[in-house]
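>>> I would like to see how this sequence folds:
(one chain, ligands or ions: 1)
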Amino acid sequence: MRNIVILISGRGTNMQAIVNAAVEEQWACRIAAVISSRADAEGLVFAAGLQIPVTVVASKDHPSRDSFDAALLAAIEPYAPDLVVLAGFMRILTPRFVEHYQGRMINIHPSLLPRFPGLATHRQALTAGVTEHGATVHFVTADLDHGPVIAQAMVVVEKGDTEQVLSDRVLQQEHLLYPQVVRWFIDGRLSLHDGQVLLAPEFTGAA
Ligand code: GAR
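Got it, this is the predicted structure:
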């Protein structure tokens, strides 16, 4: 049984989509813990309601990145994670921390990377006037929002879209994309080799 630890900072709808898919599709894994960088993260209520162990490693208690990441590592490690899932986790992690989880930590970002890294991605997309936007799931590397891309979901930017409308459209796709990618990993199909993403074909049992 593989262990997944999910890190959040806010409402946690991606975390919910993953947890719901894991339950409904009976994945061979345990959502071992949900850890938040904010005590008031709404997502904690959902996780605790399902008896998933929840922990808070509060950004505000750690003035330095090193101190935060050491506390985060200490919170995660007891759960022996096979996969660490960043789901709206709004912290920049130190290279040392990222290195520790190399090949077993993934992130979702609300843009078609490499376009629009960083914050306010929907505003960036509208300002740039792109006609296609979306979300990306990638392995996490020390290079913020630039790790090897695993999968992307695209949406069309409609005339008159506001930031909110576009954000909602992308989020709907995130909720389909992220559970799919986590499932690939749980099924042993997804891996990172020498910086390259490998996705093995689905085993159908057919000769
Ligand atoms: C999601 O849109 C996710 O892609 C984004 O934060 C939101 C979290 O929503 N992540 C980032 O911007 C990371 N760079 P959620 O808490 O409802 O899942």
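>>> drop to CA atoms for contacts and neighbour counts, all remaining ones
Will do.
>>> who's in contact with stretch 145-161?
Contacts to stretch 145-161, defined as CA atoms under 8 Å, 6 or more residues apart in numbering, come from residues 109, 112-114, 117-118, 130-141, 166, 169-170, 173-174, 177, 181, 195-197.
>>> so where's this structure uncertain?
By pLDDT under 70, the weakly predicted segments of the chain are 206-207.
>>> ok but residue 66 is inside a helix, no?
Yes. Counting by DSSP: H, G, I helix; E, B strand; the rest coil, residue 66 falls inside a helix.
>>> Residues of the protein that sit close to the ligand?
10-15, 87-88, 90, 108-110, 171 (CA under 6 Å from any ligand atom).
>>> now do 5 Å
Contact residues, the chain versus the ligand (CA under 5 Å from any ligand atom): 10-14, 88, 108-110.
>>> Just give the number of residues close to residue 42.
Neighbours of residue 42 under the rule other CA atoms under 10 Å: 16.
>>> pretty sure residue 19 is touching residue 31, no?
Yes. Between residue 19 and residue 31 there is a contact under CA atoms under 8 Å: 7.2 Å.
>>> Please enumerate the strands of the protein.
Using DSSP state E, the strands found in the chain span residues 2-8, 29-36, 54-56, 83-86, 105-109, 132-139, 149-156, 190-193, 196-199.
>>> Just put the ones you listed in JSON lines and tack on mean neighbour count.
Shown next, in JSON lines, are the strands of the chain (neighbours: other CA atoms under 10 Å):
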{"stretch": "strand 2-8", "mean neighbour count": "23"}
{"stretch": "strand 29-36", "mean neighbour count": "22"}
{"stretch": "strand 54-56", "mean neighbour count": "19"}
{"stretch": "strand 83-86", "mean neighbour count": "24"}
{"stretch": "strand 105-109", "mean neighbour count": "23"}
{"stretch": "strand 132-139", "mean neighbour count": "24"}
{"stretch": "strand 149-156", "mean neighbour count": "18"}
{"stretch": "strand 190-193", "mean neighbour count": "15"}
{"stretch": "strand 196-199", "mean neighbour count": "14"}
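>>> Thank you, goodbye.
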